[in-house]
Structure formats: C-alpha cells, structure tokens
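In: the following block contains a protein sequence and its predicted model.
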Amino acid sequence: MLTRQALLALVVASAGVFFGGLLLSALRFQPYRDHGWPALIISDIQSPEENPGHYVYSAAATAVSGALLLPVIASLHRQLRSRHRVLTGVGTVLLTTGACGAIAIGALSPFPVSYDDVHVPLAFLTFIAIVSGIACHAAVLTSTAAAQSRVVRTALRVCLTVQAALIPFLAYLYVVPDFFDGRTLFTTLAFLEWSLCVGILAMLLVLIAALDP
C-alpha cells in the first residue's frame with residue numbers, strides 16, 4: 001500500500017505528463033494560432049486529422065497519465081475497503097474504467113476511422129467514470145473522516161456537492177451536444193474540457209489529503 005506522499009507524487013506526475021503533452025500539442029495547433037483559446041478543444045488537439053503531426057504528444061500523454069493513475073486507484077482501494085467495502089468497490093471499478101478509458105483514448109488517436117466513431121462516447125464515459133469513482137471514495141471518506149481537520153472535511157463535502165451536480169450535467173451534455181454554442185465562456189467545449197481536467201486533479205488531491213498519513 002502506497003504512502004500518502006507516494007500517492008501525491010503519482011497524481012502530480014500523472015497531471016504533469018497529461019498537461020505537458022496537451023500543451024505541447026496545443027501550441028502547435030493551427031486553429032489555436034488562428035482563433036485563440038476557444039479553439040483548444042482537447043478532442044481536436046488529439047485528432048490526427050485536426051492536428052496532424054502534433055497530436056501525438058497529447059495522445060501519448062493521455063495514455064501515460066491514465067496508466068500512472070492505476071497504482072493510485074489500487075492503493076486507494078486497499079486503504080478504504082475496510083471502511084465501506086461495497087462503496088469502495090464501486091468507486092474502484094469506476095475509477096479503473098476511467099483510467100483505462102484515458103489509456104484507450106490515447107491509443108486510439110492514431111486511427112482516424114475509429115477516432116470519429118469512438119472518441120466522443122469514450123471521452124464522456126471516461127470523464128463520468130472518473131468523477132463518479134471519486135464521488136464514491138469521497139463519500140466513504142466523508143462518513144469516516146471525524147479525525148480529519150475541519151478544512152479537509154469541508155473540502156470533501158464541497159467535492160461531493162460539485163460531483164452531485166457534475167455527473168448529471170455531463171450526461172445531459174452527451175444527449176444535448178448543441179449546448180456548446182460558443183456565445184459565452186461557459187458554453188465553449190474547450191472551457192468545459194480543460195475545467196474538468198483541472199477539477200479532477202483537484203478532487204484527487206482532496207481524496208489524498210483526507211487519507212491517513
């Protein structure tokens with residue numbers, strides 16, 4: 001079982017690889033140079049058709065970042081299963097699904113035919129699975145975090161509240177894709193995707209902070 005410091009190092013490494021690869025691909029992404037940040041849709045940055053020659057950095061980074069999360073997920077499961085076996089098990093399955101989804105997204109990027117048909121539902125599945133898995137683990141920690149500081153308990157409750165709103169919102173967006181009209185900051189797909197990635201990192205850090213030292 002990994003220590004909290006080791007878990008933190010792995011999560012930070014996963015985030016560093018992911019955002020580093022994403023930025024390398026984004027800075028060479030021609031629509032970004034022409035239209036600015038609203039064009040920085042992660043799905044397009046990783047597309048071999050939309051970003052030929054440069055998508056590979058982001059695609060590889062996505063796969064590696066997902067792989068780096070697998071030992072984190074395994075360690076979280078071992079630490080939390082004694083507190084609530086069923087909810088921890090559900091959370092572990094969901095988080096593992098999300099991490100494997102990230103690996104698959106990166107691995108499928110070089111194949112344009114599969115990319116168009118599979119990428120969008122796979123991306124939604126990955127986001128929803130990761131957020132739902134974190135929510136399960138956060139619920140376990142919230143119910144057993146009496147010994148934690150007030151700041152940590154508050155952060156866990158905020159995390160759960162955000163997730164309770166985010167999960168149905170993501171499901172709604174998948175059904176109603178024309179939500180992204182680009183008229184405001186909050187209705188651009190680029191803003192949502194980047195915000196989700198940053199939010200997932202923040203929620204994982206909250207989970208680790210709530211673990212026993």
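Out: Now that the structure is in, tell me what you want to look at. Numbers count the residues shown, from 1 in each chain.
In: all the helices of the chain, in order from the start?
Out: Listed in chain order, the helices found in the chain under DSSP state H are 4-27, 30-35, 42-45, 55-80, 85-108, 112-143, 150-175, 189-210.
In: closest to residue 183 out of those?
Out: Ranking the helices of the chain by proximity to residue 183 (C-beta to C-beta) places helix 189-210 first, at 12.0 Å. For every residue, glycine as well, the C-beta is placed using N, CA and C.
In: what's the angle between the closest one and helix 85-108?
Out: If you take axes from the mean of the first three to the mean of the last three C-alpha atoms, to 10 degrees, helix 189-210 sits at 140 degrees to helix 85-108.
In: in the protein, what secondary structure element scores lowest on mean pLDDT?
Out: helix 30-35 (a mean of 68; mean pLDDT, DSSP states H and E).
In: mind putting the helices of the chain in JSON lines, distance to residue 183 and mean neighbour count included?
Out: As requested, the helices of the chain are exported to JSON lines (distance: least, C-beta to C-beta, whole Å; neighbours: other C-beta atoms under 10 Å):
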{"stretch": "helix 4-27", "distance to residue 183": "23", "mean neighbour count": "18"}
{"stretch": "helix 30-35", "distance to residue 183": "15", "mean neighbour count": "13"}
{"stretch": "helix 42-45", "distance to residue 183": "19", "mean neighbour count": "22"}
{"stretch": "helix 55-80", "distance to residue 183": "27", "mean neighbour count": "21"}
{"stretch": "helix 85-108", "distance to residue 183": "28", "mean neighbour count": "20"}
{"stretch": "helix 112-143", "distance to residue 183": "22", "mean neighbour count": "19"}
{"stretch": "helix 150-175", "distance to residue 183": "16", "mean neighbour count": "15"}
{"stretch": "helix 189-210", "distance to residue 183": "12", "mean neighbour count": "19"}
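In: just give me the neighbour total for residue 81.
Out: 16 (other C-beta atoms under 10 Å).
In: same deal with the one 3 residues further on?
Out: The burial metric for residue 84, expressed as a neighbour count using other C-beta under 10 Å, is 18.
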